[in-house]
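Asker: predicted model and sequence follow; I will ask about them next.
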Amino acid sequence: MHFAIIARVLGMLLVIFSLTMLTPVVVAFIYAENTSPTFVLAFAITLIVGMIFWLPSRQARGELRTRDGFVVTVFFWLVLSSFGALPLMLSEALHLSFMDALFESVSGLTTTGATVIAGLDNLPKSILYYRQQLQWLGGIGIVVIAVAILPMLGVGGMQIYRAETPGPMKDSKLTPRITETANVLFKIYLCLTIACALAYWAAGMSGFDAISHSFSTVSIGGFSTHDASIGFFDNSAIMAICSFFMIIAGLNFALHFHAWHSRRPSMYWADPEARLYLLLLLVGAIITCCYLYYSGTFDRDESIRQGAFQLISIMTTTGFTTSEFHTWPSFLPFFLIFLSFFGACAGSTGGGIKIGRMLILAKQGLREIYRLVHPNALLPIKIRNRTVPTRVVDAIWAFMGVYLAIFYLMVLLLLATGLDYDTAWSATAASLNNLGPGLGAVATNYGEIGGFAKWVLCWGMLLGRLEIFTLLVLFTPTFWRK
């Protein structure tokens, strides 16, 4: 384990992250707010700690090994979440405890979107902007962004990229060099963000709201600058724009690259994972809209408007709301959260188990059924005309087993704090799937649940963001043996 190199990378990344705390200072200046000292103090603390990590090891050189990559990935998310909580904890406008500030920070960086804050409409815009910025940085994956600067540090970044990039069948590279890969991903992400912001602004949002919501839309985060979320605007055009960009952000960014690079939009439908993702969105939206209409919840037009938007928001694990979906007929809230387990595509900014894993599991299930009739048949599982290695299939089954075990362990821990089952189940699903909104006591926000429950959910959000194994591997004795 190259501890000096790890400390050097963590220190440099903390220094870079500290610079992002200066952006809200500009926002505070524009809107004549008195929050600048809060962000300057948080910037100074983060910068100093980063320098303490970096200075003693600044001469360290070498190649990060796979184990080093896992350590940097996990510890950077832990450290970043802790320091990201500083402005929220120091802000006089929020009066948050460290636990609540940490919960908000973890939720933002993991693009979960669960919040402990009420009264968003009355908060300083610099605080609101900072929350949105956390989600935007988390969406691209701060470690993936950092890969672009690792060559400057004299450290290879491929191991970190593999540890951070979500999904079961991630390509090792999109372009020959990992730095180019990080740059390509960032440019695609930035272009989508700019396009989303301009579309929101053209549809009637203010410039501030357009930028803020573009951050949380493209990152599939779900934070808003208003308590009523997207419902605050009550604008069909804004809902349509939001739905479009949530769907786009839920697609594999590698697929975006290849489709845009070759100028072949047909590649989206040709990809089996993307095709299943779009079909599930369509079928889910039809079921939701029909149930809302025939149950008498809304009229026909409003059923289509509300049902389609809420289905897309929940299944992509964004978490925006336009109405109180937890008050809909009981089938629908559970149906929507159930679809969040499928989540978005591998290699996207979304959460959940991922459509790619579900696709492989479905093919494996069908193969086992076929083997009952033809036990000696050779039936390879293929995705994109490539045979899926047995190792990948085994890993996905292991992932599902560990996922379910952790899920129900978290439910039991939350039940032990006195929460009812609907609250415990939905809060666990919302954290592990990086979704955000839940049911019961967490339908509007998470401010009223206890501190221990928030700790449990923080770990759930990190486990979901890091695809479970990336975090759990650090707790195995084998990992630390030489």
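Answerer: Right, received. Where do you want to start?

Asker: what's the helix or strand for the spatially closest residue to residue 355 that is not a sequence neighbour?
Answerer: Once flanking residues are discounted, residue 355 sits nearest to residue 277: 4.6 Å by Cβ to Cβ, 6 or more residues apart in numbering. To be clear about C-beta, it is placed using only N, CA and C from the backbone, and glycine gets the same treatment. Assigned by DSSP states H and E, residue 277 falls within helix 272-294.

Asker: buried stuff in that helix?
Answerer: Using 16 or more other Cβ atoms under 10 Å as the test for burial, helix 272-294 gives 272-274, 276-278, 280-281, 284-285, 287-289, 291-293.

Asker: just give me the closest of those residues to residue 316.
Answerer: Comparing those against residue 316 with Cβ to Cβ picks out residue 281 as the nearest, at 8.0 Å.

Asker: count the residues that sit near residue 261.
Answerer: By the other Cβ atoms under 10 Å criterion, the neighbourhood of residue 261 contains 12 residues.

Asker: which elements pack onto the strand or helix carrying it?
Answerer: Residue 261 is part of helix 253-262, with elements assigned from DSSP H and E. For helix 253-262, the contact count by 3 or more Cβ pairs under 8 Å, 6 or more residues apart in numbering; DSSP states H and E identifies helix 178-203, helix 266-270 as packing neighbours.

Asker: what distance separates stretch 194-206 from the centre of its chain?
Answerer: 22 Å (Cα atoms, centre = their mean, to the nearest Å).

Asker: thinking again about what came up before, pLDDT of the helix holding residue 277, averaged?
Answerer: When the per-residue pLDDT values of helix 272-294 are averaged, the result is 95.

Asker: if you average the pLDDT over whatever helix or strand comes next after that helix, what comes out?
Answerer: The first helix or strand that comes after helix 272-294 along the chain, using DSSP H and E, is helix 300-315. Averaged across helix 300-315, the pLDDT comes to 95.

Asker: confirm that residue 118 sits in a helix.
Answerer: No. Counting by DSSP: H, G, I helix; E, B strand; the rest coil, residue 118 is not part of a helix but coil.

Asker: that one is in contact with residue 448, isn't it?
Answerer: No. Using Cβ atoms under 8 Å, residue 118 is not in contact with residue 448, being 9.7 Å away.

Asker: so which elements touch the helix holding residue 277?
Answerer: helix 266-270, helix 300-315, helix 331-340, helix 355-373.

Asker: deepest in the core, which of the helices and strands packed on helix 253-262 is it.
Answerer: For the helices and strands packed on helix 253-262, average neighbour numbers computed from mean count of other Cβ atoms under 10 Å are highest in helix 178-203, which has a mean of 18.

Asker: quick one: it to chain centroid distance?
Answerer: Computed by Cα atoms, centre = their mean, the chain-centroid distance of helix 178-203 equals 16 Å.

Asker: between it and helix 253-262, how many degrees?
Answerer: Here the directions of helix 178-203 and helix 253-262 differ by 80 degrees (axes from the mean of the first three to the mean of the last three Cα atoms, to 10 degrees).

Asker: give me the contacts around the helix or strand where residue 41 lies.
Answerer: Residue 41 belongs to helix 36-54 when assigned by DSSP H and E. Taking contacts as Cβ atoms under 8 Å, 6 or more residues apart in numbering, the residues outside helix 36-54 that touch it are 7-8, 10-15, 17-19, 21-22, 24-25, 28-29, 83, 86-87, 90-92, 126, 130.

Asker: closest to residue 479 out of the helices and strands packed on helix 253-262?
Answerer: Of all those, it is helix 178-203 that lies closest to residue 479, at 23.2 Å by Cβ to Cβ.

Asker: quick one: buried residues of the following helix or strand past that closest one?
Answerer: The first helix or strand that comes after helix 178-203 along the chain, using DSSP H and E, is helix 207-218. Of the residues in helix 207-218, those buried by neighbour count under the rule 16+ other Cβ under 10 Å are 208, 209, 210, 211, 212, 213, 214, 215, 216, 217, 218.

Asker: one more: stretch 356-365?
Answerer: Going by neighbour count (16+ other Cβ under 10 Å), the buried part of stretch 356-365 is 356, 357, 358, 359, 360, 361, 363, 364.

Asker: thinking the last one is in contact with residue 392, fair?
Answerer: Think residue 364. No. Taking Cβ under 8 Å as the contact criterion, residue 364 and residue 392 are not neighbours in contact, 10.4 Å apart.

Asker: please tell me how far residue 452 sits from residue 410.
Answerer: Residue 452 sits at a distance of 12 Å from residue 410 (criterion: Cβ to Cβ, to the nearest Å).

Asker: got it, and residue 348?
Answerer: Counting by Cβ to Cβ, the gap from residue 348 to residue 410 is 24 Å.

Asker: out of these two, which sits in the busier spot?
Answerer: For residue 348 versus residue 410, the count of surrounding residues by other Cβ under 10 Å is larger for residue 348: 30 against 23.

Asker: let me know the secondary structure of the more buried one.
Answerer: Using three-state DSSP, the structure places residue 348 in coil.

Asker: out of everything not next to it in sequence, what's closest to it?
Answerer: Taking Cβ to Cβ, 6+ apart, and ignoring the residues beside it in sequence, residue 348 has residue 250 as its nearest neighbour in space, at 5.1 Å.

Asker: and what of residue 300?
Answerer: If you skip the residues right next to it in sequence, residue 300 has residue 293 as its closest partner in space, 5.6 Å away by Cβ to Cβ, 6+ apart.

Asker: list the contacts for the residue sitting nearest the centre point of the chain?
Answerer: In the chain, the C-alpha closest to the average C-alpha coordinate belongs to residue 111, at a distance of 3.6 Å (Cα atoms, centre = their mean). Residue 111 makes contacts with 135, 138, 139, 219, 220, 221, 222, 317, 349, 351, 434, 465, as judged by Cβ under 8 Å, 6+ apart.

Asker: ok, back up a step: test my guess that the residue nearest to residue 348 contacts residue 218.
Answerer: No. Because the distance of 10.4 Å does not satisfy Cβ under 8 Å, residue 250 is recorded as not touching residue 218.

Asker: what's the overlap in contacts for the two?
Answerer: residue 349.

Asker: returning to what we had before: quick one: which of the helices and strands packed on helix 272-294 is nearest residue 460?
Answerer: When the helices and strands packed on helix 272-294 are compared for distance to residue 460 using Cβ to Cβ, the nearest one is helix 331-340, at 13.3 Å.

Asker: quickly note the distance from the residue lying closest to residue 123 once chain neighbours are set aside to residue 26.
Answerer: Counting by Cβ to Cβ, 6+ apart, the nearest residue to residue 123 once its immediate chain neighbours are dropped is residue 93, at 5.8 Å. From residue 93 across to residue 26, the span is 18 Å (Cβ to Cβ).

Asker: who's more crowded, those two?
Answerer: residue 93 (17 against 13).

Asker: find me the pLDDT at that one, would you?
Answerer: Note for residue 93: predicted pLDDT of 89.

Asker: tell me which residues touch it, please.
Answerer: Residues in contact with residue 93, defined by Cβ under 8 Å, 6+ apart, are 35, 123, 124, 127.
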